[in-house]
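*Asks:* only geometry, no sequence info:
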């Protein structure tokens with residue numbers, strides 16, 4: 001029987017990390033591990049138990065990063081203790097996950113699809129706490145290079161968490177703004193950026209807004225905007241400037 005994947009378990013107020021053998025595949029990323037740690041922290045857990053030498057390194061990397069996230073917000077830390085593999089506690093830890101895997105395997109054929117609404121990500125909720133502190137860190141931050149950005153807004157449209165948004169001030173001036181607390185490091189913004197103007201920074205501070213300059217394209221008449229650092233494009237939108245399509249609009253027929 002294939003061993004099902006078991007995530008961290010809670011026992012006697014302690015978050016117990018799965019041993020590698022019981023876990024099967026490791027978390028898809030350290031962001032996934034951070035989410036599990038954040039959920040435990042939001043629930044009030046402050047102690048973590050791992051199997052010395054038998055826990056996937058991704059959990060240790062996530063614990064280090066999570067500790068930095070907490071410290072940068074002035075939040076209580078989570079304390080890690082390790083149980084030796086051959087100790088009584090180590091054997092009990094392995095038995096705990098073996099039994100959980102057997103129970104999960106027996107229940108799986110009878111489980112109906114879960115129609116309950118998905119809970120908001122705990123990591124996003126935790127990162128929103130004291131997010132305005134100048135030293136607050138975020139697990140992932142999409143960073144736009146204003147010198148490369150063409151203002152196409154593709155990253156805004158594709159972002160599932162509304163991390164990148166368009167804002168306007170009282171005078172109507174536009175800017176790109178970033179709310180990294182909700183970023184889950186999916187990377188879609190960087191993938192859709194044809195100008196390669198977005199990089200995903202990890203364990204970084206938040207970034208400021210990027211002012212935009214708006215104008216009407218002299219070639220096609222479309223209203224466009226670009227970061228002020230990128231220049232005005234000689235009055236043309238990026239499409240007309242690259243393709244030269246606007247020149248065909250002014251050809252004189254014989």
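*Replies:* On my side now, so go ahead. This one's a predicted model, so the numbers in the text were calculated from it and none came from an experiment. Numbering: from 1, shown residues only.
*Asks:* give me the below-cutoff pLDDT ranges for the stretch 101-250 of the chain.
*Replies:* Within the stretch 101-250 of the chain, the ranges that satisfy pLDDT under 70 run 101, 103-120, 231-234, 243-250.
*Asks:* and the helices in it?
*Replies:* Here the stretch 101-250 of the chain has its helices, by DSSP state H, counting those that start in this stretch, at 122-127, 154-158, 188-192, 238-243.
*Asks:* just say which of the ones you listed is most tucked in.
*Replies:* Ranked by mean neighbour count under mean count of other Cβ atoms under 10 Å, the helices of the stretch 101-250 of the chain are led by helix 122-127, which reaches a mean of 22. In this view, the C-beta of every residue, glycine as well, is placed from N, C-alpha and C.
*Asks:* how far does it sit from the chain's center?
*Replies:* Relative to its parent chain, helix 122-127 has a centroid offset of 10 Å by Cα atoms, centre = their mean, to the nearest Å.
*Asks:* now for it, which elements pack on it?
*Replies:* Under the contact definition 3 or more Cβ pairs under 8 Å, 6 or more residues apart in numbering; DSSP states H and E, helix 122-127 sits against helix 30-42, strand 137-144.
*Asks:* can you say which of the ones you listed is nearest to residue 190?
*Replies:* strand 137-144 (7.2 Å; Cβ to Cβ).
*Asks:* returning to what we had before: Serialize the helices of the stretch 101-250 of the chain to CSV and add fields for distance to residue 16.
*Replies:* Shown next, in CSV, are these (distance: least, Cβ to Cβ, whole Å):
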stretch, distance to residue 16
helix 122-127, 18
helix 154-158, 37
helix 188-192, 33
helix 238-243, 53
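*Asks:* so for residue 75, which of those helices sits nearest?
*Replies:* Using Cβ to Cβ, the helices of the stretch 101-250 of the chain put helix 122-127 closest to residue 75, at 7.6 Å.
*Asks:* tell me which residues are up against that closest one.
*Replies:* Here helix 122-127 makes contact (Cβ atoms under 8 Å, 6 or more residues apart in numbering) with 31, 34-35, 38-39, 41-42, 69, 75, 136, 138-139, 161, 180-182, 184.
*Asks:* break the protein into its domains for me.
*Replies:* Split into domains by automatic domain parsing, the chain comes to 9-110, 136-250.
*Asks:* of all those domains, which lies closest to residue 128?
*Replies:* domain 136-250 (4.4 Å).
*Asks:* still on that earlier bit, can you put the helices and strands packed on helix 122-127 in TSV and add mean neighbour count and distance to residue 64?
*Replies:* Putting those into TSV (neighbours: other Cβ atoms under 10 Å; distance: least, Cβ to Cβ, whole Å) gives the following:
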stretch	mean neighbour count	distance to residue 64
helix 30-42	21	10
strand 137-144	22	12
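*Asks:* can you give me the strands in the stretch 101-250 of the chain?
*Replies:* Per DSSP state E, counting those that start in this stretch, the stretch 101-250 of the chain carries strands over the ranges 137-144, 164-168, 174-178, 198-205, 210-216, 223-227.
*Asks:* nearest approach to residue 61 belongs to which of those strands?
*Replies:* Among these, strand 198-205 comes nearest to residue 61, with 10.4 Å by Cβ to Cβ.
*Asks:* could you measure from the most centrally placed residue in the chain over to residue 221?
*Replies:* Against the mean C-alpha coordinate of the chain, by Cα atoms, centre = their mean, the closest residue is residue 184 at 1.8 Å. Going from residue 184 to residue 221 by Cβ to Cβ, to the nearest Å gives 38 Å.
*Asks:* and for residue 95?
*Replies:* Taken as Cβ to Cβ, the span from residue 95 to residue 221 is 71 Å.
*Asks:* tell me the contacts of residue 74?
*Replies:* By Cβ under 8 Å, 6+ apart, the neighbours of residue 74 are 130, 133.
*Asks:* ok, now how distant is it from residue 130?
*Replies:* Using Cβ to Cβ, one gets 6 Å for the distance from residue 74 to residue 130.
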